[in-house]
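Q: got a predicted model here, sequence first, then my questions.
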Amino acid sequence: MNADTIVSKVWSFCTTLRDDGVGYGDYLEQLTYLIFLKMADEYSKPPHEREIGMPDEYDWQSLLSKKGAELEAHYIMLLNELGKQPGMLGQVFTKSQNKIQNPAKLSRLIDMINDTDWVMLDADTKGTIYEGLLEKNAEDTKSGAGQYFTPRSLIKTMAACMRPEPMQTIADPACGTGGFFLATYDYLVANYKLDRRELAFLKHATFSGNEIVANTRRMCLMNMFLHNIGEIDGDVSVVSDDALVSSPKKTVDMVLANPPFGKKSSVTFTNEAGEQEKDDLTYNRQDFWATTSNKQVNFVQHICTMLKSTGRAAVVVPDNVLFEGGAGETVRKKLMETTELHTILRLPTGIFYANGVKANVLFFDNHPKQKQPWTKEVWIYDYRTNIHHTLKKKPMRFEHLQDFIDCYNPENRHERKATWSPKRNPEGRWRKFTYKEIMARDKTSLDIFWLKDKSLADLENLPDPEDLAEEIIENLEAGLNSFREVVLALR
């Protein structure tokens, strides 16, 4: 079968299963298990003949020999047993469950996967299939998977600005489904003629990450593997540990990340009355500048500890990280003192699958310690004021951010020119603020904007009604989430 035929078959079967109540996420899970098993089977045969560590009684061939209720029972047992195995095998099958209750359709799915030689299939085709399903799953708001999926146009933009180089180590402490790894991998392959040593490093040693949600980690590992990152019998590059619990064991050259939304870290437990409650987590780290339960502020602190003295980072953060007082102000001051915070990209609403998110990207470079603050000036690009995007009809694309990339000037960011001028171009989106100007602001706030919102000044320039409606829904849902946090705190 050619690539288009395979993609078509995978998608059409997804539609068939949705009639049985199997959502994109559940379909994606089962597809992950079965494709992994099929590829392990292919690797165990000539010309590969590799020892994967797959128990014979629970391999791919054991599924092909059974039908009906016997197949269903065996599949459930297989998932349970493989989750106990070490290495990549155990990580992929951790907490795995069968979500296809119709044995006949499970058998048809197995046959469909069996028709394809997945090892020989090129990485682009496998990646297209899997990334497409990940995005569809993110669009399903009920599943909550959107919080693990960063818009690929934004990720590609961040990679273009950061310009990773061969033999550099790249990490993400909250890697979701692995979008940043894939974007930097694609950038390296497209922009460098890599020799054998560099290709081996890219495949096996470039990437490392954390993801505490078992199902998301499974999808991340499979997504990377299908894109030719890592080995089916190799070391696991994405671990299940909470990145914030302790100092990193090693430092890296680059961090690209979009830490999870929601201001507080918390653990859920059951009280004496049998009710579920949440308890706020405060990480007491000696290497942190401030102690707080604010999750994003903690991630900013943690990412600073992950960087080599020459390391660089690009991190998506919500607005509260830019203006919140207390620990937030302390962290902003320390960030500008110890690193060179040189760029902030203000993002529009309507680009994330989690509703009501107002976010920014911080770009900063680490340096050896010195007495004087490393940050001398911060350049800000406002791609929020008078910008309206929606997820379906008007999604943000890579070309929308091309002007930001041009202003950022990745080739030499020390040579930049402002587009804003109070007289010549008061609508310019790109300007700089000195360290002294920022330190003089209330709470050292980095939440800086200067453009006039045209929709407030002129009724004729109001956005489309549909855009307004979506924005209202996002703001209401964001408000509801805030109230839920207050209620939980009161309990």
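A: Structure's in. What do you need?

Q: I'd like the next helix or strand past the helix or strand containing Gln61.
A: Taking DSSP states H and E as the definition, one finds Gln61 inside helix 60-64. Later in the chain than helix 60-64, the nearest helix or strand by DSSP H and E is helix 68-82.

Q: alpha carbons of the next helix or strand after that following helix, as CSV, please.
A: Using DSSP H and E, the helix or strand that follows helix 68-82 in sequence is helix 87-92. Once non-C-alpha atoms are left out, helix 87-92 reads as follows in CSV (Å, rounded to 0.1, in the frame of the first residue of the first chain):
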residue,chain,number,x,y,z
GLY,A,87,12.6,-0.3,29.3
MET,A,88,10.7,1.2,26.4
LEU,A,89,8.3,-1.8,26.3
GLY,A,90,7.1,-1.3,29.8
GLN,A,91,6.8,2.5,29.4
VAL,A,92,4.6,2.2,26.3
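
Q: what's the neighbour count on Met167?
A: 14 (other Cβ atoms under 10 Å). Just so you know, the C-beta spots here come from the backbone N, C-alpha and C atoms, and that holds for glycine as well.

Q: quick one, phi psi at it?
A: Main-chain dihedrals, Met167, degrees, to the nearest 10: phi 70, psi 10.

Q: any figure for the gap between it and Asp403?
A: Distance, Met167 to Asp403, using Cβ to Cβ, to the nearest Å: 31 Å.

Q: and if you look at Leu322?
A: Remark: distance between Leu322 and Asp403 (Cβ to Cβ) = 22 Å.

Q: higher neighbour count, the two?
A: Applying other Cβ under 10 Å to Leu322 and Asp403 shows that Leu322 carries more neighbours, namely 21 against 14.

Q: shouldn't that one be in contact with Phe449?
A: No. If you go by Cβ atoms under 8 Å, Leu322 and Phe449 don't touch, sitting 10.5 Å apart.

Q: sketch out the helices for the stretch 351-491 of the chain, chain order is fine.
A: For the stretch 351-491 of the chain, the helices defined by DSSP state H, counting those that start in this stretch cover 402-408, 435-439, 454-457, 465-490.

Q: got a list of what Leu226 touches?
A: 35, 123, 126-127, 129-130 (Cβ atoms under 8 Å, 6 or more residues apart in numbering).

Q: now those as TSV including secondary structure, pLDDT and neighbour count?
A: Output for the contacts of Leu226, formatted as TSV (DSSP: H, G, I helix; E, B strand; the rest coil; pLDDT from 0 to 100; neighbours: other Cβ atoms under 10 Å):
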residue	secondary structure	pLDDT	neighbour count
Ile35	helix	90	20
Ala123	helix	80	14
Lys126	helix	81	24
Gly127	helix	77	18
Ile129	helix	79	20
Tyr130	helix	82	24
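
Q: max pairwise distance over these: which two?
A: Spatial extent of these (Cβ to Cβ) is set by the pair Ile35 and Ala123 at 13.3 Å.

Q: about what we covered before: who are the packing partners of the helix holding Gln61?
A: helix 24-43, helix 68-82, helix 103-114 (3 or more Cβ pairs under 8 Å, 6 or more residues apart in numbering; DSSP states H and E).

Q: closest to Tyr381 out of those helices?
A: Closest approach to Tyr381 among the helices and strands packed on helix 60-64 is made by helix 24-43 (33.9 Å; Cβ to Cβ).

Q: which intervals of the stretch 201-350 of the chain have sub-threshold pLDDT?
A: For the stretch 201-350 of the chain, residues meeting the criterion pLDDT under 70 lie at 262-280.

Q: one more time with 90, if that's ok
A: Applying pLDDT under 90 to the stretch 201-350 of the chain flags residues 213-216, 218-219, 222-223, 225-228, 230-236, 260-284, 293, 349-350.

Q: now do the helices in it.
A: With DSSP H, counting those that start in this stretch as the criterion, the stretch 201-350 of the chain has helices spanning 214-226, 295-306, 320-323, 327-338.

Q: walk me through the domains of this protein.
A: 3-131, 150-174+243-481 (automatic domain parsing).

Q: that older thread, now the helices of the stretch 201-350 of the chain as a markdown table including distance to Ser8?
A: Output for the helices of the stretch 201-350 of the chain, formatted as a markdown table (distance: least, Cβ to Cβ, whole Å):
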| stretch | distance to Ser8 |
| --- | --- |
| helix 214-226 | 18 |
| helix 295-306 | 40 |
| helix 320-323 | 43 |
| helix 327-338 | 48 |
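
Q: for Lys423, which of these is the nearest?
A: helix 320-323 (27.9 Å).

Q: could you check how far the closest one is from the centre of its chain?
A: Put simply, helix 320-323 sits 20 Å off its chain's centre (Cα atoms, centre = their mean, to the nearest Å).

Q: before we move on, the earlier item: so which of the helices of the stretch 201-350 of the chain is nearest Glu470?
A: helix 320-323 (22.0 Å).

Q: C-alpha coordinates for the closest one, CSV please?
A: Written as CSV, here are the backbone C-alpha positions of helix 320-323 (Å, rounded to 0.1, in the frame of the first residue of the first chain):
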residue,chain,number,x,y,z
ASN,A,320,0.4,35.8,35.5
VAL,A,321,4.1,35.0,35.4
LEU,A,322,4.7,38.5,33.9
PHE,A,323,2.8,40.5,36.5
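
Q: for that helix, which positions count as buried?
A: By neighbour count on 16 or more other Cβ atoms under 10 Å, the buried set for helix 320-323 is 321-323.

Q: remind me what that helix packs against, helices and strands.
A: For helix 320-323, the elements it packs on are helix 295-306, helix 327-338, strand 359-366, judged by 3+ Cβ pairs under 8 Å, 6+ apart.

Q: kindly reformat those as a markdown table containing distance to Pro422.
A: Output for the helices and strands packed on helix 320-323, formatted as a markdown table (distance: least, Cβ to Cβ, whole Å):
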| stretch | distance to Pro422 |
| --- | --- |
| helix 295-306 | 32 |
| helix 327-338 | 25 |
| strand 359-366 | 23 |
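
Q: give me whichever of those is most buried.
A: helix 295-306 (a mean of 24; mean count of other Cβ atoms under 10 Å).

Q: need the pLDDT of Lys95.
A: For Lys95, the model assigns a pLDDT of 89.

Q: so Pro395 sits against His389, correct?
A: Yes. Taking contacts as Cβ under 8 Å, Pro395 lies within contact range of His389: 6.3 Å.

Q: show me the strands in the stretch 151-300 of the chain, by range?
A: Assigned by DSSP state E, counting those that start in this stretch, the strands in the stretch 151-300 of the chain fall at 170-172, 207-210, 238-239, 252-257, 266-270, 276-280.

Q: the third one pairs with which strands, and in what direction?
A: This points to strand 238-239. Strand 238-239 has the following strand partners under DSSP bridges: strand 207-210 (parallel).

Q: related to what we said a few turns ago, closest to Asn137 out of the domains of the chain?
A: The nearest among the domains of the chain, by Cβ to Cβ, is domain 3-131 at 4.1 Å.

Q: where's Trp289 relative to Ile448, distance?
A: 22 Å.

Q: ditto for Arg108
A: In this view, Arg108 and Ile448 are 57 Å apart by Cβ to Cβ.

Q: Ala314 now?
A: 19 Å.

Q: between those two, which has more neighbouring residues?
A: The residue with more neighbours, out of Ala314 and Ile448, is Ala314; 23 against 17, by other Cβ under 10 Å.

Q: the residue nearest to the more buried one when sequence neighbours are not counted - how many residues pack around it?
A: Leaving aside its sequence neighbours, Ala314 sits nearest to Met158 (Cβ to Cβ, 6 or more residues apart in numbering; 4.6 Å). Using other Cβ under 10 Å, Met158 is surrounded by 24 other residues.

Q: close enough to count as contact, Met158 and Asn258?
A: No. Between Met158 and Asn258 there is no contact, the gap being 9.1 Å when judged by Cβ under 8 Å.
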